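1. no sequence on this one, just coordinates:
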């Protein structure tokens, strides 16, 4: 599938308050997520390197003991196995990239 | 550097008509590029897997012998070593991801 229209993919819920569309290659996972205002994703870690590109909104992002509010044009880079958490100060739209593939995101049930 | 503001990075020119800001981890390269209208990037290939996310504009993208006009929300996925070319039908803003790192993008001179 060389071309992908994210909005034609099944809509899934990754976490409570975090929904969107996810695509994978052999090595990478990309997700376009909408995060509801006031959503909190508690501290967690995973072996996957993560890049969170903020497209719209204001997202409080903590990596280790460093916190910053992401605005459009900024990105958070979470190295492998580093704890991180987020809080949506507004409704947010993000583009996430994970390396390697987030296998637990491959079989989420479609919603809506 | 867990947090990156792309617009505070040096502005570089990757190709004629294609300028922007580039960040790297050990394994991935991300670039936010502005492509001038009517820019043509001729057919080429590289060993890096590439994902081109269209943020704004209309970008004619050819992968192998398949062509599609990317619009916001769509993405082109170019597997390793597959020929591809682009033509900007309007000014475009894209987010490119490459795996592994595009080393030739690491030492581009700042412009402006």
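-> Ah, there it is. These figures come from a predicted structure and were not determined experimentally.

2. Every contact and neighbour count from this point should use C-alpha atoms.
-> Fine.

3. Could you say which helix or strand holds the spatially most central residue of chain A?
-> Nearest residue to the geometric centre of chain A (CA atoms, centre = their mean): residue A:96, 4.1 Å. For residue A:96, the enclosing helix or strand under DSSP states H and E is strand A:92-99.

4. Helix or strand: which one has residue A:68?
-> Residue-wise, residue A:68 maps onto strand A:66-70 under DSSP H and E.

5. how about that strand: buried residues?
-> Neighbour-count burial for strand A:66-70, counted by 16 or more other CA atoms under 10 Å in any protein chain shown, picks out A:69-70.

6. what pairs with it, and is each one parallel or antiparallel?
-> strand A:59-63 (antiparallel) (DSSP bridges).

7. residues touching residue A:57, list them.
-> Residue A:57 makes contact with A:71-72, A:89-93, according to CA atoms under 8 Å, 6 or more residues apart in numbering or on different chains.

8. wait, I meant residue A:43
-> A:83-86.

9. got the angle between the strand holding residue A:68 and strand A:92-99?
-> Here strand A:66-70 runs at an angle of 130 degrees relative to strand A:92-99 (axes from the mean of the first three to the mean of the last three CA atoms, to 10 degrees).

10. still on that earlier bit, Serialize the contacts of residue A:57 to CSV and add fields for pLDDT.
-> Shown next, in CSV, are the contacts of residue A:57 (pLDDT from 0 to 100):
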residue, pLDDT
A:71, 97
A:72, 95
A:89, 98
A:90, 98
A:91, 98
A:92, 98
A:93, 97
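
11. Narrow the residues you listed to those that are buried.
-> When these are checked for burial by 16+ other CA under 10 Å, the buried set is A:71-72, A:89-93.

12. Can you tell me which of these are also in contact with chain B?
-> When CA under 8 Å from any CA of the partner chain is applied, no member of those is adjacent to chain B.

13. Out of those residues, which is nearest to residue B:100?
-> Comparing those against residue B:100 with CA to CA places residue A:72 closest, at 25.2 Å.

14. pretty sure the closest one contacts residue A:92?
-> No - Residue A:72 is not in contact with residue A:92 according to CA atoms under 8 Å; the separation is 9.7 Å.

15. ok so, going back, ok, residues contacting the strand holding residue A:68?
-> In this structure, residues lying in contact with strand A:66-70 by CA under 8 Å, 6+ apart are A:54, A:58-62, A:76, B:3.

16. packing partners for the helix or strand following that strand?
-> Downstream of strand A:66-70, the first helix or strand assigned by DSSP H and E is strand A:74-78. Applying 3 or more CA pairs under 8 Å, 6 or more residues apart in numbering or on different chains; DSSP states H and E, one finds that strand A:74-78 contacts strand A:49-56, strand B:3-5.

17. quick one: residue A:84 from residue B:53, how far?
-> When CA to CA, to the nearest Å is the yardstick, residue A:84 and residue B:53 sit 25 Å from each other.

18. Equivalent analysis for residue A:79, please.
-> Where residue B:53 is concerned, residue A:79 sits at a distance of 22 Å (CA to CA).

19. quick one: contacts for residue A:108?
-> Listed by CA under 8 Å, 6+ apart, the contact partners of residue A:108 are A:12-14.

20. neighbours of the nearest residue to residue A:17 once chain neighbours are set aside, just the number please.
-> Distance criterion CA to CA, 6 or more residues apart in numbering or on different chains; nearest residue to residue A:17, sequence neighbours excluded, is residue A:36 at 5.2 Å. Number of residues near residue A:36 (other CA atoms under 10 Å in any protein chain shown) recorded here: 18.
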